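# Have a look at this fold, sequence not included:
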């Protein structure tokens, strides 16, 4: 539904949109956070604002990392706490990763109940065995920054919304003289028995509680503080410590602690708050978070959500989303496409997450409290994923935010005991997840594209020092031998290829900054991919320390072949920095076309599929694994052959196949927005094959048209001629009316704004 | 040795002495920190400055709280970490309580060794079984702010000194290519397996390490941060985590962590730092502490001890002690008496301890970081002990410091979840140790004495609210019935008596502030002691809820008789607020004299002695238990009879019997200075029987004379005529030449300064 511009729609002033939007259509209604909540998407349906510290969402189960002392494979399903096929909700917690394949968080689970107090979640297959409640999708609403569900066991309607640092619950109770709100500090995602290091609760008065949870999980040293406020005084409260680890109790007998005692500490704490409710009575709950202190959480609450108007908070957050979504407005005749597109935008603009208090204080990687100097500090950097398309997307639609993210990364480097840029930053900690040192690609991409609102020389030094960290994952041997030997690392080929790409990015940055010495060192390193290519088999292949290739080798297998989240068939193509040379290395144009064609069309036996991590069966097309990131540039490689129309064909084939506006619509983990960013770029007709380059490879736009809001009030308008589901081929491209006689568009061209016109056809050129 | 005033002795400017001192004699040489280190004194021989955050002292054993799953009674011996009879030293840790009967602390144990690296302390009876070393008192020096010992197993000389927040170690090594400095974060006093909640180490470079230790011990929620600096770069370092609780290690294989890895976290961490040393080479180590952050510890080090001059730091600290000791300078012909006196001053001026960083930041009871507003924040308030004489001593010799302590107590109240003034504050936590709410006596004493540099109305409110806290230790029933019923509390009579005293103190304060309503309420409460006096047996006695006295009762027994650290024989006299009424209640002058005489002279059967806590056999005279505090006013009660000369006799008998300048010289726990404060007052000839009153009961001075430095340059000079060991009786007292025809002196009289002359005699009046 389009509308003429009316005063009814007022853009939020909270984000730096920079200019009036050109459309009045509300875009939030197209966002379906439920997309990806079934199976492997690992998204969540709950409420958040863009880049919020709080992600307030239901847990449908709280599976532990261990079952009977062993790894419990089911824990993986619950990376985001919610699985669409489940029938019960355990409660609502305040922190969630969006789309990850490992997890953490799930802090401060809150559950409203009535009747007999139960303090354990119970089991999904045993109704009424605990505080969990049945629910159904019929009585569930999931919007950007709004979630509503009926908790059937209790006849309670739960509504959730958020501001950046505050989760806001609104519970509509039935009449009850046994209404409870449970705060379960033992609950968590990817939980193990000892993951809670310590927790603390302080009941300040009958509407205000503060506390913290300290965990040793995927974030090694993590403390999250909260302030919890009830709209109605509770009649009484109680605690249970389920651990024996509160050792010293000698003098605690001095108080009656059985009820209404104001504090408790220990690793495994649950609390409950009791109310009488009238029919339909609403009890509202605000929980503010802080990575710094309980006082900080209180200040965050006071600054962001001082009052009790749920709808106002919901509307303010949705207006933030409108602002963000309006940065790329598409024309499409299909509601499905709009849902896919704006949900992709939504999922892309959740991470990295804000990690500082309203007063600028944040906890650094060195575990000291720091004051942010005129920037916003972020965490949740899943960089192996997001350097590819998500940060390049920010460079276009939100360049200042991207430089704040880079500032956060540079401070991470400064505070890092290992003196390295982030690999995977979680809650201001480092978990070293995945291969490469892709921070450097994010930084180089920003520098090369002229979006360098940070100290570029310090940044270059951080990149170089990270890339020269000999003790990390075979870098020393890589520097000495030109590859990571198979004996040194189980993912030696992935490491070699990704280091080589990252090194190329450093070289580009050095060149731009006039540092020829560094350019020379790293442009040489960027060719190291050649050292793991075995021309005899035509694949990248693990190489031993003695310079020979490993004998045992299967290019279809993922496990124990020297790769991570990809087999050699896919990873062999991972030279995004120089596809032309790769093609030469692989035997030239025709051989690579055949290779690519085979990749997309071959039959992958089930046994190989079973090994492929983090994706559903639908996440694979032939042997092309879209659900994992190493192949995200692959469809665009045809551009470097003499059959670029196959890029157009493949992209238009992948888009609808891998992205559907349904709960099971994502073929693999969304990976904190990288999968969504691929969708956004590819739908618009171009893609950043090699971040660190000014160039975006042209593909085939799937939208009818689009307007991209650029800084300083500029816009890039994309239009298509003769667009249609079968007209996937691009006959010509005009930039501001002039033919673009090449297969790429540059960043400067995009950022100058103007008009990009694709002429589509059912036949390739 | 007295000297004329020379420039050689320059008083430190670090304390607020307020004027030139009148003596040039160095007093530090009389301080023997070793006094009380044998048996029950629970003092430590290590280094500290007055009221220091750091108390750097050797541990001669690290006995755990549990042995084979049960309470280990030996842990009690090691409340201060050191027992004089031991023959080995385990290492040097940075925090110790002085004289307590329960314990905690022992943070950051450091031990230098040479030869094969050992990471466990080993056992005392198995030489070379661990890193501990043999030592002997012949090669040990213990002074105020200086400790030296030869570690015989390693031929290492260890020297220790401190500033307020920094411990400074100086180790003289033999030649070795295997010299180690071990940092054992698992070590602690009153340790249990799970007491360490979490620890962290960050090796910033080859001379600088930061970290923290989070414990759940006598302080429930405690984190102590440090910064550790070496004078010489270590060649390598290593870590060991002795717990399985560092759960998530998934990606740590990316680094070689076996040596020189820069960080580690987990509950049970040990670290070692390796050096080559030449013969006689000194390696110096500075460890700064902070209750706030690692950054705070670094700032503390930079501010207090930026350089490496050990002797300068030692001298500065000893000059602080000179300043403090010069506040009361005695004349005595006996070196023993001077050692007793100045060591008592030393032990009295260690606690409470500084608990904030140099920038004024401190961690509050609410676990938030606060900024001290122009005062010094203190912790380690053992108030059941120290309200009696230690805080009254501060009111005379250091009134501004006493008001800073009261400000700290008032902020404790503000930050307390239970809204109570401190009972026993340890590391900014509350452990609720012992009975009563004696903060109120400290505050009332300061107010009544006109030393009220704080908001007196807020203070009164805090006192009243604490005393009306119905949920605490039977206060509700005490308010309703006038006594704590025996069913409610195992120490119901102690509670009743101590509440009644504290209530009287509140009443005095209220009277001074013109709050008649509060005065009336609390002066009435102060008579509640009468409700637990059983005239049929002539003792204070547990009373049941129904108003009848408990049948089973033995006034000689301490355990399960309604008392704590005292039997009814002693506690029956605990009405310091109104001895005259007590005497009337007990049957009048002659009966009470007989009672007191019996107390001091009766034979206490061994079985009763065995039950008496916290003291040695020497700590009892007859049935009078000087080693515990409830009797500290008892010798002065004769002043309210017609035989006040017996006060003089008893005091002069107790002084040499209970205080000797030897390791076993203290008859009971020094209790953070209360035992020492009794010694100081009593040696000077007066004692604050009822803090909250302006009056000090006169006793019999044991010194030949003394000069007390008072604020604003005034002094009180005490002289004696005809003093001698047998001339214990006071014939007359002149104040500024005028006869003092009463048995007390007032605070105003003391603070005005002047001359107090005691005329002594071998016969009583």
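Cool, the structure landed. What you see is a predicted model; the values in this text were computed from it and never measured.
# the longest helix in chain A is where?
Looking across chain A with DSSP state H, the single longest helix is helix A:492-512.
# I'd like to know which elements the helix or strand that that helix is followed by is packed against.
Downstream of helix A:492-512, the first helix or strand assigned by DSSP states H and E is helix A:516-525. Packing contacts for helix A:516-525, counted by 3 or more CB pairs under 8 Å, 6 or more residues apart in numbering or on different chains; DSSP states H and E, involve helix A:456-467, helix A:492-512. From N, CA and C alone the C-beta is placed, and that goes for glycine too.
# Kindly recompute the last result at 10 Å.
Identification of packing neighbours for helix A:516-525 by 3 or more CB pairs under 10 Å, 6 or more residues apart in numbering or on different chains; DSSP states H and E yields helix A:456-467, helix A:475-481, helix A:492-512.
# Just the angle for that helix relative to helix A:456-467, thanks.
Computed by axes from the mean of the first three to the mean of the last three CA atoms, to 10 degrees, the angle separating helix A:516-525 from helix A:456-467 equals 40 degrees.
# Buried residues, helix A:516-525. List them.
Residues of helix A:516-525 classed as buried by neighbour count (16 or more other CB atoms under 10 Å in any protein chain shown): A:518, A:519, A:521, A:522, A:523, A:525.
# just to revisit the earlier point, in the longest helix of chain A, what's buried?
Buried residues in helix A:492-512, defined by neighbour count with 16+ other CB under 10 Å: A:492-512.
# Now do the end-to-end distance for stretch A:539-549.
One end of stretch A:539-549 sits 11 Å from the other (CA to CA, to the nearest Å).
# Let me see the mean pLDDT of that stretch.
What stretch A:539-549 shows for mean pLDDT is 98.
# Distance from the chain centre to that stretch, please.
Relative to its chain's centre, stretch A:539-549 lies at 34 Å (CA atoms, centre = their mean, to the nearest Å).
# How about it and chain B, any contact?
No - judged by CB under 10 Å from any CB of the partner chain, stretch A:539-549 stays clear of chain B, getting no closer than 16.1 Å.
# Identify each buried residue in that stretch, please.
Within stretch A:539-549, the residues scored as buried using 16+ other CB under 10 Å are A:539, A:540, A:541, A:542, A:543, A:549.
# circling back: please name every helix or strand in contact with the longest helix of chain A.
Using 3+ CB pairs under 10 Å, 6+ apart: helix A:492-512 touches helix A:439-448, helix A:456-467, helix A:475-481, helix A:516-525, strand A:533-534, strand A:539-540, helix A:568-571.
# possible to save these as CSV with distance to residue B:378?
Converted to CSV, these look like this (distance: least, CB to CB, whole Å):
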stretch, distance to residue B:378
helix A:439-448, 46
helix A:456-467, 43
helix A:475-481, 51
helix A:516-525, 54
strand A:533-534, 69
strand A:539-540, 66
helix A:568-571, 63
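# Return the residue of chain A that is most distant from the centre.
Farthest-out residue of chain A from its mean C-alpha position, per CA atoms, centre = their mean: residue A:254, at 49.0 Å.
# roughly how far apart are that one and residue B:490?
Using CB to CB, to the nearest Å, we find residue A:254 at a distance of 11 Å from residue B:490.
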